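**Q** need coordinates for the following:
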Amino acid sequence: MRPVAQLLHNKFVVVLGSSVQRAVYKDLVLILQRDAYLSLSQLKSKGEVSFEQDCLVEGGRFGQMNNGTAYREVRQYRTDHHLIRFYFVTQVFSRYMDSILADFQQGIKPDLVIVNSCVWDISRYSREWALEYKENLNKFFMKLKTILPEESLVVWNMTMPLGKKILGGFLVPEVEHVGPLLRFDVIEANYFGATLANKFGFDVLDLHFQFRFSLHYRMKDGVHWNAIAHRKITCLLLEHVAQAWGVELPNLGEKCRLSWCNWLSEV
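**A** Predicted coordinates for the structure are as follows:
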């Protein structure tokens, strides 16, 4: 069995967040099936009816395609022994997030939750974002702590470094003026998120630190990252999860390191 498939065997994995987290989900789905990395079109696509044998459950092409805060997209990849689900969210706690958590409370509980919500929170709702963001983080972590069993692993992905200039996508004309400040706001927001996640006993993966010297893998829009970066994220996540679960998969770590070195030599 492939190391990744073995690690996630009979596990329910949930990925929560916006477009960067969507790519985290997509790379997980891809690496479970074969040794390849995401194409540019796969990285850029959103809301498609199917990606690498997954399915669109809700929103996306089934709804209204837009860059608004109410955009929804729920995706799922399912086999006999794997279940990976992605929810597109634009706020770390909201009525919609509350409904997602209610589904977990009433149904199957995730074994692993990989979550990040930051850039939309601090740019699309209010310029005075700090207080509301901290309150929403607290509500989210508290609710998650209440709903999930102790054995569930929650990994808070810290937001990756933003560029000086943000182009297109979520930064609609009404909020373009906040673009130049976002890379500094993210540092402050990362501190809040990591501190609170740690306080509630959740794990933190500092992707901002990990990619601070890898900015050449960031796309020209200043927000998103290429396939090489996303495979590195996947490797960091899987190695972290294996360690947290006490699973020894030496081939996984070695494979990730070799792949990373190979791709570095190609670019």
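**Q** every contact and neighbour count from this point should use C-alpha atoms.
**A** OK.
**Q** shaky segments in the chain?
**A** Across the chain, residues meeting the criterion (pLDDT under 70) sit at 1, 168-177, 250-267.
**Q** for it, which segments count as strands?
**A** Counting by DSSP state E, residue ranges of the strands within the chain are 11-17, 55-59, 73-78, 82-88, 112-115, 153-157, 203-205.
**Q** what does the third one rub up against?
**A** Applying C-alpha atoms under 8 Å, 6 or more residues apart in numbering, the contact partners of strand 73-78 are 29, 47, 53-60, 83-88.
**Q** now rank these by neighbours and give me the top one.
**A** Counting neighbours by other C-alpha atoms under 10 Å, F86 leads the contacts of strand 73-78 with 27 neighbours.
**Q** among the strands of the chain, which is nearest E128?
**A** E128 lies closest to strand 11-17 among those, at 21.3 Å (C-alpha to C-alpha).
**Q** who does that closest one pair up with?
**A** In the sheet, strand 11-17 lines up against strand 82-88 (parallel), strand 112-115 (parallel) (DSSP bridges).
**Q** quick one: it to chain centroid distance?
**A** 9 Å (C-alpha atoms, centre = their mean, to the nearest Å).
**Q** for F140, which of the strands of the chain is the nearest?
**A** The stretch from these with the least distance to F140 (C-alpha to C-alpha) is strand 112-115; that distance is 10.8 Å.
**Q** picking up where we left off before, need the strands of the chain in TSV with distance to M219, can you?
**A** Formatted as TSV, the strands of the chain follow (distance: least, C-alpha to C-alpha, whole Å):
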stretch	distance to M219
strand 11-17	19
strand 55-59	25
strand 73-78	22
strand 82-88	20
strand 112-115	21
strand 153-157	19
strand 203-205	21
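**Q** of these, which is nearest D121?
**A** Ranking the strands of the chain by proximity to D121 (C-alpha to C-alpha) places strand 11-17 first, at 10.8 Å.
**Q** CA atoms of the closest one as CSV?
**A** Extracted C-alpha coordinates of strand 11-17, given in CSV (Å, rounded to 0.1, in the frame of the first residue of the first chain):
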residue,chain,number,x,y,z
LYS,A,11,-9.7,8.0,8.0
PHE,A,12,-12.2,10.9,7.5
VAL,A,13,-10.2,14.0,6.6
VAL,A,14,-11.8,17.4,6.4
VAL,A,15,-10.1,20.5,4.9
LEU,A,16,-11.6,23.9,5.7
GLY,A,17,-10.7,27.2,4.2
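**Q** what does that strand rub up against?
**A** Outside of strand 11-17, the residues that reach it under the criterion C-alpha under 8 Å, 6+ apart are 21-22, 24-25, 81-90, 109-117.
**Q** out of the residues you listed, which are buried?
**A** 21-22, 24-25, 82-90, 109-117 (16 or more other C-alpha atoms under 10 Å).
**Q** ok, back up a step: out of the strands of the chain, which is closest to I122?
**A** Nearest of these to I122, taken as C-alpha to C-alpha: strand 11-17 at 13.7 Å.
**Q** check which residues of the closest one are buried.
**A** By 16+ other C-alpha under 10 Å, the buried positions in strand 11-17 come out as K11, F12, V13, V14, V15, L16, G17.
**Q** okay, those in TSV with distance to Q42 next?
**A** Shown next, in TSV, are the buried residues of strand 11-17 (distance: C-alpha to C-alpha, whole Å):
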residue	distance to Q42
K11	25
F12	23
V13	20
V14	20
V15	17
L16	18
G17	17
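**Q** name the nearest residue to V223, sequence neighbours excluded.
**A** Excluding the flanking residues, the one nearest V223 by C-alpha to C-alpha, 6 or more residues apart in numbering is L162, at 5.4 Å.
**Q** quick one, what contacts the one you found?
**A** Counted by C-alpha under 8 Å, 6+ apart, L162 has contacts L182, R183, V186, G222, V223.
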